[in-house]
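**Q** below is the sequence, then the predicted model.
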Amino acid sequence: YFGANTFGLDGASRTYFGKPATKLNLSEAALLASLPKAPSRMALHRNMDKALQRQRLVLEQMRGENWISDAEMRAALAAPPRLAATALANEGDNGYLIDYAQAEVLRMVGQNSPDLNVTLTVDPRLQSAGAQVLRRIIEVDGKASGASQGAMIALDSTGAIRTMVGGVDYTKSVFNRAVQAKRQPGSSFKPFIYAAALEKGVLPTDTRVDEPVKIGDWEPKNYGGKYAGTVTVESALARSLNTVAVKLGEEVGPAAIANLAGRFGITTLPPNPNLSVSLGAYEVPLIEMTSAYQVFQQAGSRLRPYIVAQIQTTDGQVIYTHQTSSPVPAYDIHWASMMVKMMQKVVTAGTGTRANFGRPAAGKTGTSQNFRDAWFIGFTPDYVAGVWVGNDDDKPMNQVTGGQVAAAIWKDYMVTAHMNLPSREFEWLLPDPEPVYEDDPRNGFYEGLAYDFETTEHDAAPPPEPFAQPPVPDVVAPDAEPAPN
């Protein structure tokens with residue numbers, strides 16, 4: 001990859017200099033040879049000075065190997081290449097995804113591949129919409145919220161990456177926050193805690209007590225410091241109650257949570273995390289979190305996200321086509337159905353109501369310690385998308401939660417993504433199971449004891465008064481029939 005959406009030496013030559021690679025002079029060839037190690041950062045249309053510094057290194061190495069003479073090297077350095085008009089365009093909002101796609105292509109075909117034509121899964125309309133809404137909302141809310149950066153990724157129902165925005169401005173920072181950054185997901189990790197609890201037999205209608213919790217020296221508290229008392233499990237998720245998440249995490253065990261997260265595609269958790277995993281304390285990339293949520297969307301099946309649809313040589317020979325493989329079972333469909341219903345209530349009546357855009361959707365908000373990270377990840381039957389907002393220097397925001405800026409970005413993007421799609425329900429959802437109540441083995445004892453009390457009470461009661469006949473009246477009532485003679 002040579003930057004400027006260009007793969008292959010001949011494509012780079014035509015893009016940057018307007019001619020085939022066979023027509024390059026020494027100066028131009030050495031300049032192109034300097035690009036593949038950092039093609040986006042040193043793309044010629046954006047950072048010619050850095051590229052020329054590396055060109056000098058290339059020429060000096062060629063001279064050291066006696067491939068060129070001193071005179072040829074001096075001539076090449078004295079005549080810097082001039083770019084063609086076609087090189088003046090830049091990747092713009094596509095820079096992050098192009099860098100990611102380049103790495104994927106090289107992983108598939110190797111470094112010494114011929115010139116290639118690569119077809120990506122990204123939807124240009126949605127890519128532009130995602131970049132614009134991310135930039136607009138952060139710019140508008142930035143001063144008030146204290147957030148300067150964000151990232152977004154969206155997958156369709158096959159796992160194809162349709163949008164990837166790695167930051168507010170690629171020209172200022174090529175660091176891809178959608179893929180490379182690892183941040184604390186906060187409460188957006190809670191669905192995995194609840195999912196593990198369902199596997200252990202917990203039901204959405206079960207209750208837990210939201211109250212102060214102390215585990216060793218750790219005293220996790222709810223946002224706002226208030227407690228709701230007895231609540232259902234589904235209500236606790238919708239309201240993002242920290243104490244209930246910790247209680248459920250303690251019930252199922254951190255190892256079970258890590259096991260489930262691994263099945264869902266999250267790779268950054270140790271096998272035996274501490275209990276703070278219940279509140280999303282372990283750092284995770286946005287792409288992994290978003291892909292893991294797709295397991296819920298897909299009724300418990302896991303899909304691997306992908307961005308390369310097809311690779312061809314310049315003469316049209318297809319050397320790679322993505323084959324949609326069978327989904328990998330990761331979670332039982334009955335539990336997935338319960339999780340989706342609970343996560344729908346987050347959007348309709350919980351902490352994620354700002355993400356509600358009038359269609360069936362499910363998701364979860366997330367806020368890390370000291371408001372350093374704000375997340376919203378959610379899905380419809382058609383798309384799953386994740387949004388992160390924060391600062392590169394880890395500076396806390398101004399009490400920004402995932403239900404605010406991140407949810408607003410998610411909603412605006414989803415409105416555009418679903419513009420020409422019919423509204424659909426999650427058609428695979430199953431009826432909720434009826435709670436099963438088992439007889440307490442002590443019931444027989446207590447029933448017998450109750451009978452004994454009833455018998456004793458009956459025996460101790462005084463005898464009833466003898467029944468007395470009412471006196472016969474001397475006068476017949478006016479409305480009554482006279483007694484026969």
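**A** Right, received. Where do you want to start?

**Q** pLDDT on whichever strand or helix holds Y100, on average?
**A** Here Y100, judged by DSSP states H and E, is contained in helix 95-109. Throughout helix 95-109, pLDDT has a mean value of 89.

**Q** what of stretch 250-263?
**A** 98.

**Q** buried residues in that stretch?
**A** Buried residues in stretch 250-263, counted by 16 or more other C-beta atoms under 10 Å: V252, P254, A256, I257, A258, N259, L260, A261, R263. C-beta coordinates here come from the backbone N, C-alpha and C atoms, glycine included.

**Q** take those residues and lay them out in a markdown table including distance to P271.
**A** Formatted as a markdown table, these follow (distance: C-beta to C-beta, whole Å):
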| residue | distance to P271 |
| --- | --- |
| V252 | 15 |
| P254 | 9 |
| A256 | 11 |
| I257 | 11 |
| A258 | 6 |
| N259 | 8 |
| L260 | 12 |
| A261 | 11 |
| R263 | 13 |
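
**Q** go through those and name the one nearest N274.
**A** Here the nearest of those to N274, counting by C-beta to C-beta, is P254; it sits at 6.3 Å.

**Q** what about the closest residue to N398 other than its chain neighbours, how many residues nearby?
**A** Distance criterion C-beta to C-beta, 6 or more residues apart in numbering; nearest residue to N398, sequence neighbours excluded, is G146 at 4.0 Å. By other C-beta atoms under 10 Å, 17 other residues sit near G146.

**Q** ok, and what's touching the helix or strand where A51 lies?
**A** According to DSSP H and E, A51 maps onto helix 48-64. Helix 48-64 is contacted from outside by 26-27, 30-31, 33-35, 37, 41-44, 68-70, 73, 76-77, 80, 83, using C-beta atoms under 8 Å, 6 or more residues apart in numbering.

**Q** so for the helix or strand following that helix, what's the average pLDDT?
**A** Next along the chain after helix 48-64, taking DSSP H and E as the criterion, comes helix 70-78. For helix 70-78, the mean pLDDT works out to 93.

**Q** name the residues of helix 70-78 that come out as buried.
**A** M73, A76, L77.

**Q** quick one, helices of the stretch 151-300 of the chain?
**A** 190-199, 233-238, 242-252, 254-263, 286-297 (DSSP state H, counting those that start in this stretch).

**Q** mind giving me the packing neighbours of the third one?
**A** Okay, so that is helix 242-252. helix 190-199, strand 207-210, helix 233-238 (3 or more C-beta pairs under 8 Å, 6 or more residues apart in numbering; DSSP states H and E).

**Q** which of these sits closest to Q369?
**A** When the helices and strands packed on helix 242-252 are compared by C-beta to C-beta, helix 190-199 sits nearest Q369, at 14.7 Å.

**Q** can you tell me which helix in this protein is longest?
**A** helix 124-145 (DSSP state H).

**Q** relative to helix 95-109, how tilted is that one?
**A** 130 degrees (axes from the mean of the first three to the mean of the last three C-alpha atoms, to 10 degrees).

**Q** that older thread, dump the helices and strands packed on helix 242-252 to TSV, plus distance to T313, mean neighbour count and mean pLDDT.
**A** Formatted as TSV, the helices and strands packed on helix 242-252 follow (distance: least, C-beta to C-beta, whole Å; neighbours: other C-beta atoms under 10 Å; pLDDT from 0 to 100):
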stretch	distance to T313	mean neighbour count	mean pLDDT
helix 190-199	43	26	98
strand 207-210	60	17	98
helix 233-238	51	24	98
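
**Q** can you lay out those as JSON lines showing distance to D141?
**A** Compiled in JSON lines, the helices and strands packed on helix 242-252 are given as follows (distance: least, C-beta to C-beta, whole Å):
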{"stretch": "helix 190-199", "distance to D141": "25"}
{"stretch": "strand 207-210", "distance to D141": "31"}
{"stretch": "helix 233-238", "distance to D141": "25"}
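
**Q** run through the chain and note the low-pLDDT ranges.
**A** 1, 3-7, 38-43, 45-46, 85-91, 112, 435-485 (pLDDT under 70).

**Q** switch to 80 and redo it
**A** For the chain, the stretches with pLDDT under 80 are 1-8, 11, 15, 36-47, 84-92, 111-115, 142-143, 314, 325, 434-485.

**Q** which ones are touching the residue nearest the centre of it?
**A** Centroid check for the chain by C-alpha atoms, centre = their mean gives T290 as the closest residue, at 2.6 Å. Applying C-beta under 8 Å, 6+ apart, we find T290 in contact with I153, A154, L155, P305, I377, V384, A385, G386.

**Q** for the last one, name its beta-bridge partners.
**A** So that's G386. I153, I377 (DSSP bridges).

**Q** A374 is in contact with that one, correct?
**A** No. In this structure, G386 is not within contact of A374 by C-beta atoms under 8 Å, at 11.8 Å.

**Q** include distance to S325 when you put the helices of the stretch 151-300 of the chain into TSV, please.
**A** Below are those laid out as TSV (distance: least, C-beta to C-beta, whole Å):
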stretch	distance to S325
helix 190-199	23
helix 233-238	32
helix 242-252	30
helix 254-263	17
helix 286-297	15
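
**Q** looking at the ones you listed, which is closest to K172?
**A** Of all the helices of the stretch 151-300 of the chain, helix 286-297 comes closest under C-beta to C-beta, at 19.3 Å.

**Q** can you map out the helices along the stretch 351-485 of the chain?
**A** Along the stretch 351-485 of the chain, the stretches classed as helices by DSSP H, counting those that start in this stretch are 405-417, 443-460.

**Q** thinking again about what came up before, now do the buried residues in the longest helix of the chain.
**A** For helix 124-145, a neighbour-count test (16+ other C-beta under 10 Å) marks 126-131, 133-135, 137-138, 141-142, 145 as buried.

**Q** please apply the same query to stretch 261-275.
**A** Neighbour-count burial for stretch 261-275 flags A261, R263, F264, G265, I266, L269, P273, L275 (criterion: 16+ other C-beta under 10 Å).

**Q** contacting residues for the third one?
**A** Each residue near F264 by C-beta under 8 Å, 6+ apart is listed here: F192, S291, A292, V295, R302, A330, Y331.

**Q** any idea how far it is from A330?
**A** F264 sits 6 Å away from A330, going by C-beta to C-beta, to the nearest Å.

**Q** now swap in the first one and tell me
**A** As for A261, its distance to A330 is 10 Å (criterion: C-beta to C-beta).
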